[in-house]
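J.: Pasting a predicted model and its sequence here:
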Amino acid sequence: MKTFPKFVPTPTPKVAHGRGSWVTDQDGNRVIDGSGGPAVYCLGHGDPRINEAIMAQLNQIAQGYRRFYTSDPLEQLEAFIRDRCGGGLTEILINSSGSEAVESCLKVALQYQQAIGQTDRTRFIARMRSYHGNTLGALSVSGYPMRRAAFEDSLLPVSFVSPASEYRPPEGVEPDQLVKFLANELEDEILRLGPETVCAFIFEPVVGAAGCVVPPPAGYAQAIQAVCQKYGVLLISDEVMSGAGRTGTWRALEPDQVVPDIMSVAKGLGGGYLPLAATVYQKKIGDVLTKKDGGLMSGHTFTAHTAACAAALKVQQIIQEENLLERVQSKGAWLGQSLKDALSDHPHVGDVRGRGFFWGVELVADKATKRPFARDLMIAERLGQTLREEGLLLYPVSGFGTAQAGDGVIIAPAYNAEDEVLEQIVGRTKRSIENLFG
């Protein structure tokens, strides 16, 4: 294997401007944003229609504080989300970040269990190799040792079960037994804790940064939902990264034919034009909260920010009017196959996986054994730097394996990225990996 010198990161450049899938720094270097930052910029950069919608709202008022006013952008965005979610997911709290949205998901679950008299149900179960946010509650339910380590003693007590990875299944578990094993493991953990103590199970339908994009095995979501329903445990679907069309459907769980009790959605909802996220939950839960407490006891100063709602509404309208979810499905299949064709034979590409416009490339030291690179080699960071030199931004991720090892990149282009841009993403990724290990 190639010997790598000590890694020296290059200084972070200053951004100057962006248009579509292209970003230029203040030194004039122009690159393709092939990951939408951290899978956020679903319509690229600088869309004049969205900018005009924001300015039109700012010229009226930036924000009507939610305790004093509602607004057309808020009500129209809520109606849009209800229509896209379906399945009884009618109750919505607009937040400013994915971490806030997940915090509110946890609070919805806790408040509901208290309201129905299940006062001992305060425990959460989550999965290893998961990430749900950077606030303490969201971090508590994140099975991501690298990001937890500095805060471990202040986090909530949370139980963790195995990740749902076909590429890295639990030791000794055969592929055709994976779903059964994972469902049984969840049930065993509920019984170990005592069903009367378990509030909710939270998971990402398609894991993002904590696993380098990991779609679930077929039947997994249905199996864990059945276990949760058996014991009165609420099911929380964290779609901060994978939702709002990123995987080709508005809800990431749609292909799995599962409707959760509570869900979060963020990055693609507002497309990064202004900070915005949402917590969405079932009407039956909302009715209980309203009757018992007058509503959900969560929210912040900038909750339901008017201008942010106007931005997100325009983003979603453009996606709908231009049939971009259909494009993500059709071109996403092409993108995934093209990445596999280009990369799968490389000796250090362990796996290429994903859905829609959400793909991960995992790099390994040994392809036969799936052994990851040692973390101190900083392979993901090196690849990110090599990609930038090739004129491409992808999202490097690391620490998602055992002993904080694991390296890869996430590919998450804009839903309206031109065919030529998608082709360049594939070609530049291939060349960058070859250059890194050449």
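T.: On my side now, so go ahead.

J.: roughly how far is stretch 218-234 from the heart of the chain?
T.: Stretch 218-234 has its C-alpha centroid displaced from the chain centroid by 21 Å (Cα atoms, centre = their mean, to the nearest Å).

J.: for stretch 118-128, that is, sorry about that
T.: On the basis of Cα atoms, centre = their mean, stretch 118-128 is displaced by 21 Å from the centre of the chain it belongs to.

J.: Now it: buried residues?
T.: Gln118, Arg121, Arg123, Phe124, Ile125, Ala126, Arg127, Met128 (16 or more other Cβ atoms under 10 Å). C-beta here means a position set from N, CA and C on the backbone, and glycine is covered the same way.

J.: so for the helix or strand where Gly137 lies, what's the average pLDDT?
T.: Using DSSP states H and E, Gly137 sits in helix 136-140. Mean pLDDT, computed over helix 136-140, is 98.

J.: Tell me where the model's unsure across the protein.
T.: Scanning the chain for pLDDT under 70 picks out 402-403.

J.: Quickly list the domain ranges of it.
T.: What automatic domain parsing lists as the domains of the chain is 15-46+323-437, 52-321.

J.: could you dump those domains to TSV with distance to Phe7?
T.: Below are the domains of the chain laid out as TSV (distance: least, Cβ to Cβ, whole Å):
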stretch	distance to Phe7
domain 15-46+323-437	4
domain 52-321	16
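
J.: Out of those, which is closest to Thr3?
T.: Among the domains of the chain, the nearest to Thr3 by Cβ to Cβ is domain 15-46+323-437 (9.9 Å).

J.: measure that closest one end to end?
T.: For domain 15-46+323-437, the separation between the terminal residues is 29 Å (Cα to Cα, to the nearest Å).

J.: quick check, distance from that domain to the centre of its chain.
T.: Centre to centre, stretch against its chain (Cα atoms, centre = their mean), the figure for domain 15-46+323-437 is 15 Å.

J.: got it, and stretch 215-225?
T.: 17 Å.

J.: host element of the most centrally placed residue in the chain?
T.: Per Cα atoms, centre = their mean, the C-alpha nearest to the average position across the chain is that of Met241, at 2.0 Å. Using DSSP H and E, Met241 sits in no helix or strand.

J.: cool, Glu52 as well?
T.: helix 48-58.

J.: Report the buried residues of that helix.
T.: Going by 16+ other Cβ under 10 Å, helix 48-58 has these buried residues: Ile50, Ala53, Ile54, Gln57.

J.: helices or strands up against it?
T.: In this structure, helix 48-58 packs against helix 306-321, with contacts taken as 3 or more Cβ pairs under 8 Å, 6 or more residues apart in numbering; DSSP states H and E.

J.: And the helices in the stretch 51-200 of the chain?
T.: Under the criterion DSSP state H, counting those that start in this stretch, the stretch 51-200 of the chain carries helices at the ranges 72-85, 98-115, 136-140, 145-148, 178-193.

J.: Minimum distance to His305: which of those has it?
T.: Between His305 and the helices of the stretch 51-200 of the chain, the shortest gap by Cβ to Cβ is with helix 72-85, which sits at 8.7 Å.

J.: circling back to that earlier point, what about the helices of the stretch 51-200 of the chain, which gets the closest to Leu377?
T.: The nearest among the helices of the stretch 51-200 of the chain, by Cβ to Cβ, is helix 145-148 at 14.9 Å.

J.: contact partners of the closest one?
T.: Contact with helix 145-148 is made by Tyr131, Asn134, Leu139, Ser142, Leu155, Ser398, Gly399, Gln404, as judged by Cβ atoms under 8 Å, 6 or more residues apart in numbering.

J.: could you say which helix or strand contains the residue lying closest to the first one once chain neighbours are set aside?
T.: Right, Tyr131. Counting by Cβ to Cβ, 6 or more residues apart in numbering, Tyr131 lies nearest to Ala210, which is 3.7 Å off, once chain neighbours are set aside. Following DSSP H and E, one finds Ala210 outside all helices and strands.

J.: Ala210 contacts Leu139, correct?
T.: No - in this structure, Ala210 is not within contact of Leu139 by Cβ atoms under 8 Å, at 11.5 Å.

J.: what are the ranges of the helices in the stretch 301-438 of the chain?
T.: With DSSP H, counting those that start in this stretch as the criterion, the stretch 301-438 of the chain has helices at 306-321, 324-343, 379-389, 419-437.

J.: for these, which one sits closest to Gln222?
T.: When those are compared (using Cβ to Cβ), the closest one is helix 324-343, at 21.1 Å.

J.: which of the helices of the stretch 51-200 of the chain sits most buried?
T.: Per-stretch averages of neighbours, counted by mean count of other Cβ atoms under 10 Å, single out helix 98-115 among the helices of the stretch 51-200 of the chain, with a mean of 24.

J.: now for it, which elements pack on it?
T.: Here helix 98-115 touches strand 89-95, helix 136-140, strand 198-203, strand 234-239, strand 262-265, strand 277-282, helix 283-293, going by 3+ Cβ pairs under 8 Å, 6+ apart.
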